[in-house]
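K.L.:
dropping the sequence and predicted coords here.
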There are 2 protein chains.
Amino acid sequence: MLCFALHSAAHAMHSAYAPLLQPLGLTYPQYLVLMALYAQDAQTVGQLGQELRLESNTLTPLLKRMETSGWLRRSRDGKDERQVRLSLTDDGRTLCSQAAAVPRAFAEKTGFKMSELADLRDILNSLRDHLKPAKP
Amino acid sequence: MLCFALHSAAHAMHSAYAPLLQPLGLTYPQYLVLMALYAQDAQTVGQLGQELRLESNTLTPLLKRMETSGWLRRSRDGKDERQVRLSLTDDGRTLCSQAAAVPRAFAEKTGFKMSELADLRDILNSLRDHLKPAKP
DNA sequence: TGCGATTAAATCGTGCACGATATAAATGCA
DNA sequence: TGCATTTATATCGTGCACGATTTAATCGCA
């Protein structure tokens, strides 16, 4: 049952991350958003959704909560008023630097070597792309 | 970013399963419950939760929906009235036999060999157990 | 035997995910 | 230019997941 192995491993990963993120006031999807914006700021909702494989129906409320928490700002693009651009606040960037320590703590929990984790990552990315290729 | 690879692969797996399960009127967690009860009937909520790594706060409403759909019955254990035992109905068992075809269809979607999928499964189970060992 | 501790489910509130649909801005073409 | 079409977000309803708490049955031990 590969499907259950994948499901439950992701579940366990989520559970392992939660206690690391909770002190920062972050959920796992919020953490992903933060990292994505740290890598590239001022993205639109659509761009972010393409990276994270989420759509506006999921992202809009999540982003509003993050705006309420003061980590990012949502503002309509001047050239195309349909688009909403997301930019980290100073608080958001500060949080990023704290959250940067999380993946290492996670890797240590697993007891795998870094090279094994890298291999596993590549297999999973390949599996994902076989299942659901990212749109162009 | 192993964490995102795992997250998004599970996400893609879920998306790949959904259209296969939808014609049967099942969600993915409901499918897992059905398979678990097919393997062993008359389990308690707690036993099922240990297998699926879920707790009563998630399972209770899910099981009630499945009872409403007519796939299983929930009844208090005669010897220990705290426990609720779950047994498949005839409709539930019929549904099981239809759902049995789903994993094969999934495996075909991936384009991996069966042996590769088995290897991946073992790695994921190991990763999961390193992260969150099942309780005794 | 009786009563506090433990255990099994259930309940409540919040957040995520998604299908379906709505709204409003931008685009294209007659 | 005018209007249908497309595109980007947003809204709504349902189901899952989970921390915290509640309820009720059972257990343990004086």
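P.N.:
Looks like it arrived, so ask away. Residues are numbered from 1 along each chain as shown, chains lettered A, B, ... in the order given.
K.L.:
which strands or helices does the helix or strand containing A:Gly49 pack on?
P.N.:
Take DSSP states H and E as the rule and A:Gly49 turns out to sit in helix A:45-52. Using 3 or more CB pairs under 8 Å, 6 or more residues apart in numbering or on different chains; DSSP states H and E as the contact definition, the elements that helix A:45-52 packs against are helix A:28-39, helix A:56-68, strand A:84-88. No exception for glycine: its C-beta is placed from N, CA and C like everyone else's.
K.L.:
any idea of the mean pLDDT in it?
P.N.:
The average pLDDT within helix A:45-52 is 97.
K.L.:
now swap in stretch A:62-78 and tell me
P.N.:
Rounded mean pLDDT across stretch A:62-78 is 97.
K.L.:
list the buried residues in it.
P.N.:
Residues A:Leu62, A:Leu63, A:Met66, A:Glu67, A:Trp71, A:Leu72, A:Arg73 are the ones in stretch A:62-78 that count as buried (16 or more other CB atoms under 10 Å in any protein chain shown).
K.L.:
now do the contacts for A:Leu117.
P.N.:
By CB atoms under 8 Å, 6 or more residues apart in numbering or on different chains, the residues touching A:Leu117 are A:Ala107, A:Thr110, B:Leu2.
K.L.:
just confirm it is within a strand.
P.N.:
No - the assignment for A:Leu117 is helix, going by DSSP: H, G, I helix; E, B strand; the rest coil, so no strand is present there.
K.L.:
ok so, going back, neighbour-wise, give me the winner out of the contacts of A:Leu117.
P.N.:
B:Leu2 (23 neighbours; other CB atoms under 10 Å in any protein chain shown).
K.L.:
name the residues that touch the helix or strand harbouring A:Ala9?
P.N.:
Assigned by DSSP H and E, A:Ala9 belongs to helix A:2-21. The contact list for helix A:2-21 (CB under 8 Å, 6+ apart) reads A:27-28, A:30-31, A:99, A:102, A:105-106, A:109, A:127, B:3, B:6-7, B:9-11, B:13-14, B:17, B:28, B:32, B:52-53, B:103, B:106-107, B:117-118, B:120-122, B:124-125, B:127-128, B:131-132.
K.L.:
and it, how far out from the chain middle?
P.N.:
Averaged C-alpha coordinates place helix A:2-21 at 14 Å from its chain's average position (CA atoms, centre = their mean, to the nearest Å).
K.L.:
tell me if the helix or strand bottoming out on mean pLDDT in chain A is near chain B.
P.N.:
Every helix and strand in chain A was compared by mean pLDDT, DSSP states H and E; the lowest is helix A:102-110, with a mean of 84. Yes - Helix A:102-110 lies in contact with chain B when judged by CB under 8 Å from any CB of the partner chain; the contacting residues are A:Pro103, A:Phe106, A:Ala107, A:Lys109, A:Thr110.
K.L.:
what's the closest non-adjacent residue to the last one?
P.N.:
If the residues on either side of it in the chain are set aside, A:Thr110 comes closest to B:His130, at 4.9 Å by CB to CB, 6 or more residues apart in numbering or on different chains.
K.L.:
give the buried residues for whichever strand or helix holds the one you found.
P.N.:
When elements are defined using DSSP H and E, B:His130 is found to belong to helix B:114-131. Residues of helix B:114-131 classed as buried: B:Leu117, B:Leu120, B:Arg121, B:Ile123, B:Leu124, B:Asn125, B:Ser126, B:Leu127, B:Arg128, B:Leu131 (neighbour count, 16+ other CB under 10 Å).
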